[in-house]
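Colleague: Give me a model of this one.
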Amino acid sequence: MKTIEHISYDGSFNGFLSVVFTIFQQEDLPLGIKAKKQEDQDLFPSEAYIETDLGKARRVWRSLEKKSSNTIKGIYFAFLSEQSDIELLLFRYIKSIFNTTSEATLFDPREKTRIFQLAKNVAKEKQRIETFTQLSECSTGLLKGNIQPKYNVLPLISKHFKSQNGNYPWMITDTKRNLILSYDGLYLGIQPFHKINTDGLKKLKRPFSSSLHIGQKIAV
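Modeller: Predicted coordinates for the structure are as follows:
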């Protein structure tokens with residue numbers, strides 16, 4: 001694949017890992033990696049849209065898992081910080097991890113510190129949301145709650161609320177991102193707000209079209 005100055009993808013973590021897989025062998029780094037819907041107009045003439053490929057995403061994920069569980073957790077949590085330049089920063093870090101040369105000569109230690117500080121911030125926000133979010137029962141018997149987290153922690157809180165509420169149906173709306181994390185007693189997943197009947201879960205299509213990343217196992 002020839003060098004592309006600007007890369008766009010669908011904004012999911014699987015999409016980002018697909019980008020990593022696709023452009024990993026390039027000698028030159030892209031100038032930018034940005035989330036964008038495929039139908040949006042290209043911002044740059046040299047921009048290329050890379051489709052999400054779960055097979056490619058799994059290969060990158062598993063390779064990172066073999067390096068260190070703390071490393072892959074740090075990368076994922078930092079990704080969820082949604083910082084404007086996070087994709088390119090993480091791509092450079094991942095590339096340095098797999099390079100045979102000493103990582104210290106390829107990646108500025110201060111940038112690595114920044115990645116794991118962002119991951120720490122996301123982890124704190126996850127804990128705050130889990131601690132202070134209260135679900136209330138609506139007229140249909142569904143438990144509902146709204147959150148407005150600083151970071152995109154919705155994919156991280158599913159285990160906590162599934163454990164807390166057992167098999168009782170519930171729904172948590174991230175009003176800042178217009179996403180809903182919901183459980184109907186059988187299926188757990190994340191969908192855009194407009195695709196869900198907010199009074200109940202009867203109209204949900206199964207299985208959920210989930211944005212939870214491929215490395216996160218959800219036992220329900």
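Colleague: Show me what the worst-scoring helix or strand of the chain on mean pLDDT is packed against.
Modeller: Within the chain, confidence by mean pLDDT, DSSP states H and E is lowest for strand 47-49 among all helices and strands, at a mean of 85. Counting contacts by 3 or more CB pairs under 8 Å, 6 or more residues apart in numbering; DSSP states H and E, strand 47-49 is packed against strand 6-9. In short, each C-beta sits where N, CA and C put it, glycine included.
Colleague: Tell me the strands beside the strand it packs on, with direction?
Modeller: Strand 6-9 sits in its sheet next to strand 32-35 (parallel), strand 47-49 (parallel), going by DSSP bridges.
Colleague: What's the first helix or strand after the least confident helix or strand of the chain?
Modeller: Heading C-terminal from strand 47-49, the first helix or strand you meet, by DSSP states H and E, is helix 54-67.
Colleague: Could you list the buried residues of that next one?
Modeller: For helix 54-67, the neighbour count (16 or more other CB atoms under 10 Å) marks 56-58, 60-61, 63-64 as buried.
Colleague: from these, which is closest to Gly189?
Modeller: Ala57 (17.0 Å; CB to CB).
Colleague: Surely Arg114 and Ile86 touch.
Modeller: No. Arg114 is not in contact with Ile86 according to CB atoms under 8 Å; the separation is 9.7 Å.
Colleague: before we move on, the earlier item: what's the spacing between the least confident helix or strand of the chain and its chain's center?
Modeller: Taking CA atoms, centre = their mean, to the nearest Å, the mean C-alpha location of strand 47-49 is offset from the chain mean by 20 Å.
Colleague: Take the strands paired with strand 6-9 and write them to CSV, including distance to Pro155 and mean neighbour count.
Modeller: Output for the strands paired with strand 6-9, formatted as CSV (distance: least, CB to CB, whole Å; neighbours: other CB atoms under 10 Å):
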stretch, distance to Pro155, mean neighbour count
strand 32-35, 15, 18
strand 47-49, 23, 17
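Colleague: For the chain, which segments count as strands?
Modeller: 6-9, 32-35, 47-49, 136-137, 143-147, 170-174, 179-183, 188-192 (DSSP state E).
Colleague: by contact count, what packs against the fifth one?
Modeller: What it means is strand 143-147. Counting by 3+ CB pairs under 8 Å, 6+ apart, strand 143-147 packs on strand 136-137, strand 170-174.
Colleague: Just the buried positions in the longest helix along the chain, please.
Modeller: Secondary structure assigned by DSSP state H gives helix 109-132 as the longest helix of the chain. Of all the residues in helix 109-132, those buried under the rule 16+ other CB under 10 Å are 112, 114-116, 118-119, 121-123, 125-126, 129.
Colleague: In TSV: the residues you listed, plus pLDDT and distance to Gly185.
Modeller: Shown next, in TSV, are these (pLDDT from 0 to 100; distance: CB to CB, whole Å):
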residue	pLDDT	distance to Gly185
Lys112	94	43
Arg114	96	41
Ile115	97	38
Phe116	97	37
Leu118	98	35
Ala119	98	33
Asn121	98	34
Val122	98	29
Ala123	98	29
Glu125	98	28
Lys126	98	24
Ile129	98	23
